[in-house]
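fold the following and give me the result.
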Amino acid sequence: MTDLAIAANGLRKSYGDKLVLDGIDIAVPHGTIFSLLGPNGAGKTTAVKILSTLVSADSGSGEIRVGGHSLATDAQAVRAAIGVTGQFSAVDGLITGEENMLLMADLHHLPKDEGRRTAAELLERFDLTDAAKKPASTYSGGMKRRLDIAMTLVGNPRIIFLDEPTTGLDPRARHNMWQIIRELVTGGVTVFLTTQYLEEADELADRIAVLHDGRIVAEGTAEELKRLIPGGHVRLRFTDPAAYQSAASALREAARDDEALALQLPSDGSQRELRSILDWLDSAGVEADELTVHTPDLDDVFFALTARTDTPENSENPKEAVR
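Numbers count the residues shown, from 1 in each chain. Next up is the predicted model:
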């Protein structure tokens with residue numbers, strides 16, 4: 001567990017008779033992006049709150065370590081090693097971006113000169129220098145998110161929890177945020193990301209865990225998860241009717257589309273299966289004009305592994321809703 005940035009065994013959490021996390025295991029290597037994916041009510045934010053020391057796990061949980069420190073015996077060291085950015089911005093709109101940064105520097109007990117230098121460097125890094133003297137209330141959603149993460153980095157954390165950081169952002173701002181997250185990891189930071197955006201997890205995460213009803217129902221790389229779901233296939237299309245008929249006669253398991261002169265073969269899209277199909281075409285002297293591979297995406301994985309639940313959007317009262 002000491003080789004991992006985040007490690008939890010049998011993590012459990014209940015609110016009254018509501019079991020939110022039912023003994024989940026989490027292992028996040030240093031310098032990677034781990035995404036916890038799930039619908040509203042799955043327990044994503046509860047997991048973040050526990051791992052970031054904001055709430056306590058149930059007594060039946062196993063060992064939990066973050067940044068090499070035990071949550072049970074050294075929570076203060078954990079807090080010193082992490083940064084947390086929630087889906088709702090912590091930016092104070094009544095003061096300027098620079099003042100928000102300096103406030104964070106004060107909270108981290110940085111000397112005044114070091115705090116000003118750190119604030120200036122981060123504002124420049126996140127392209128906020130021109131807006132630094134303006135009230136944060138005048139910032140766009142994307143600018144507030146960038147300022148939020150810049151504030152999180154004031155303490156130079158090596159582990160950052162990003163709880164649905166792109167909620168409410170337009171596509172351009174979301175893509176900009178993705179680039180920021182990639183740059184953080186390039187610099188050696190470990191990112192624990194929760195999201196409802198399937199594309200986001202697919203784009204960013206080294207590993208993804210799908211959380212549903214308090215349990216992790218699947219975990220792996222995006223490609224590994226996609227291979228869990230049936231429906232992948234290879235489509236062969238022909239322009240020569242004779243070639244199409246020859247292929248259809250030989251590949252009786254293929255689904256036919258006589259109008260399009262196309263055959264569809266079940267396939268997981270692996271290199272081995274594609275090579276087998278190509279070798280068969282060569283040996284039979286049949287030439288397909290087009291070969292396309294169709295594999296399930298994370299949407300298919302998500303909907304196959306989870307069921308829709310009606311959960312209130314406001315999660316301030318954990319007994320009413322748990323995100």
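
and the closest residue in space to V66 that isn't next to it in sequence, how far from L291?
The shortest distance from V66 to any residue other than its chain neighbours is 4.7 Å, reached at V78 (C-beta to C-beta, 6 or more residues apart in numbering). Backbone N, C-alpha and C define where each C-beta goes, glycine included. Taking C-beta to C-beta, to the nearest Å as the criterion, V78 is separated from L291 by 51 Å.

which of these two has more neighbours?
Shown here are V78 and L291; by other C-beta atoms under 10 Å, V78 has more neighbours (21 against 13).

check contacts around that one.
When contacts are counted by C-beta atoms under 8 Å, 6 or more residues apart in numbering, V78 touches S52, T53, V66, G67, H69, L71.

contacts for the helix or strand hosting R235, please.
In this assignment (DSSP states H and E), R235 forms part of strand 233-237. Residues outside strand 233-237 that contact it (C-beta under 8 Å, 6+ apart) are 247, 254, 260-267, 269, 273-274, 277, 281, 288-294.

can you do 7 Å?
Among residues not part of strand 233-237, those counted as contacts by C-beta atoms under 7 Å, 6 or more residues apart in numbering are 247, 260-267, 274, 277, 288-294.

how about the nearest residue to L211, chain neighbours excluded?
In space, not counting the residues next to it along the chain, L211 is nearest to G38; the distance is 3.7 Å by C-beta to C-beta, 6+ apart.

meant to ask about E219, not that
Among residues not flanking E219 along the chain, A209 sits closest, at 4.3 Å (C-beta to C-beta, 6+ apart).

and whichever strand or helix holds the one you found, C-alpha only, in CSV?
Counting by DSSP H and E, the element that carries A209 is strand 207-212. Output for strand 207-212, consisting of C-alpha atoms alone and laid out as CSV, is shown next (Å, rounded to 0.1, in the frame of the first residue of the first chain):
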residue,chain,number,x,y,z
ARG,A,207,-7.8,3.4,-14.9
ILE,A,208,-11.6,3.7,-14.4
ALA,A,209,-13.8,2.2,-11.7
VAL,A,210,-17.5,2.1,-12.2
LEU,A,211,-19.4,2.7,-8.9
HIS,A,212,-23.0,1.7,-8.6
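
the next helix or strand after it to strand 207-212, inter-axis angle?
Proceeding C-terminally, strand 207-212 gives way to strand 215-220 as the next helix or strand, assigned by DSSP H and E. Between the axis of strand 215-220 and that of strand 207-212 there is an angle of 160 degrees, by axes from the mean of the first three to the mean of the last three C-alpha atoms, to 10 degrees.

and strand 215-220, what does it pack against?
strand 18-29, strand 207-212 (3 or more C-beta pairs under 7 Å, 6 or more residues apart in numbering; DSSP states H and E).
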